[in-house]
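Trainee: Attaching a predicted model along with its sequence, questions to come.
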Amino acid sequence: MNESLVYTLIALCCLAILGLSFVIYRQLRASKQRLSEQKAKEEAYAAGAAEQKRYLVESIKLISNAILHDDKITMTEGCMRLKVMIDNLDPTLHQVPELDVIEEVYQRTSHIPILADWKALDRKEQRQYEKLIATTDAECFDRIQKAAKYLYEHPMHKVH
């Protein structure tokens, strides 16, 4: 083989190696960038989830305390709010026997209109629903108080 042909082929191979090395370097850099962005998204998601959990725990404690010590919230309204928050925080809490009453009250009263739908009702319909709420509150008073106390004292920070 001709010596100049050998040197030409060696030079071409070196250029090919340099070109492929550059492509590999760019792909590695892009991969690292994607991993970095994914990690940042995961951290942001985890921070958001932690904030949401903190908010739910704080809200559950606040509503439980209001049920126990404040007449501004009906037992039924408290149970309806607690049901939704527990669903979002940790649905397995519904399996705790002390909290059965929350699900029971929710099932009894979830059909009652709220907010704008409540205001749209005529006064007679509102009184019928208010009677149902009062009856439910009276029938379940002690159990709702126990559930509220349980939730207020429960170490929610251990909930997954």
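Mentor: Happy to help now that I have it.

Trainee: Figure out how far stretch 2-11 is from the centre of its chain.
Mentor: On the basis of C-alpha atoms, centre = their mean, to the nearest Å, stretch 2-11 sits 67 Å off its chain's mean C-alpha point.

Trainee: Extract the C-alpha set from that stretch and format it as CSV.
Mentor: What follows is stretch 2-11, C-alpha atoms only, in CSV (Å, rounded to 0.1, in the frame of the first residue of the first chain):
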residue,chain,number,x,y,z
ASN,A,2,1.0,3.5,-0.7
GLU,A,3,2.3,5.4,2.3
SER,A,4,0.3,8.5,1.6
LEU,A,5,-2.9,6.4,1.3
VAL,A,6,-2.1,4.9,4.8
TYR,A,7,-1.7,8.4,6.3
THR,A,8,-4.8,9.6,4.6
LEU,A,9,-6.8,6.7,6.0
ILE,A,10,-5.3,7.3,9.5
ALA,A,11,-6.3,11.0,9.2
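
Trainee: Let me see the residues that make contact with that stretch.
Mentor: With contact meaning C-beta atoms under 8 Å, 6 or more residues apart in numbering, stretch 2-11 is reached by no other residue. C-beta: built from backbone N, CA, C; applies to glycine.

Trainee: Make 843 the first number, not 1, from now on.
Mentor: Sure thing, new numbering starts at 843, so read that last one as stretch 844-853.

Trainee: tell me the mean pLDDT over it?
Mentor: Averaging pLDDT along stretch 844-853 gives 92.
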